[in-house]
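In: this one's structure only:
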């Protein structure tokens, strides 16, 4: 993690599910649980961006595509996640994709990131491989 401190953990989970952060993605971030599906990993990674948890993002990245370090841009404030579709990625699969739209505010301007992300299992755990930006 960079020298910057993490953002204060929110009460409601940023991933969009109706649960407290501590009981939802916070459990994955703290290493108390692992994502059961590719979608759950996608949601937890989005929440990691929202709370500034660079260490979790690196831990949940596939070893062949993971950067050596990560420094998050402190500017964007991630405000909403939409899951638009999934392919495979359940407890019965070894790969999956998640199409999402992540909304943010940066310097008073709104924006979004629309992507189709690929996930696979590595050592039994779901990990992010890479993503294809979509218009």
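Out: Done, it's in. Note that the coordinates shown come from a computational prediction; the quantities given were computed from them, not determined experimentally.
In: Grab the longest strand from the protein for me.
Out: Determined from DSSP state E, the single longest strand within the chain is strand 109-122.
In: Go through whichever helix or strand comes after that strand and flag the buried ones.
Out: Sequence order places strand 125-133 as the next helix or strand after strand 109-122, per DSSP states H and E. Residues 126, 127, 128, 129, 131 are the ones in strand 125-133 that count as buried (16 or more other CB atoms under 10 Å). For every residue, glycine as well, the C-beta is placed using N, CA and C.
In: just stretch 22-30 next, same as before
Out: 24, 25, 26, 28, 29.
In: Quick check: the residue nearest the centre of the chain vs residue 107, distance?
Out: Among the residues of the chain, the one closest to the centroid is residue 45, at 1.3 Å (CA atoms, centre = their mean). Here residue 45 is placed at a distance of 24 Å from residue 107 (CB to CB, to the nearest Å).
In: on that earlier part again, hey, what's the angle from the longest strand of the chain to strand 125-133? Just curious.
Out: Going by axes from the mean of the first three to the mean of the last three CA atoms, to 10 degrees, strand 109-122 is angled at 140 degrees with respect to strand 125-133.
In: How about residues contacting strand 109-122?
Out: 38, 41-42, 62-63, 76, 89, 94-105, 126-135 (CB atoms under 8 Å, 6 or more residues apart in numbering).
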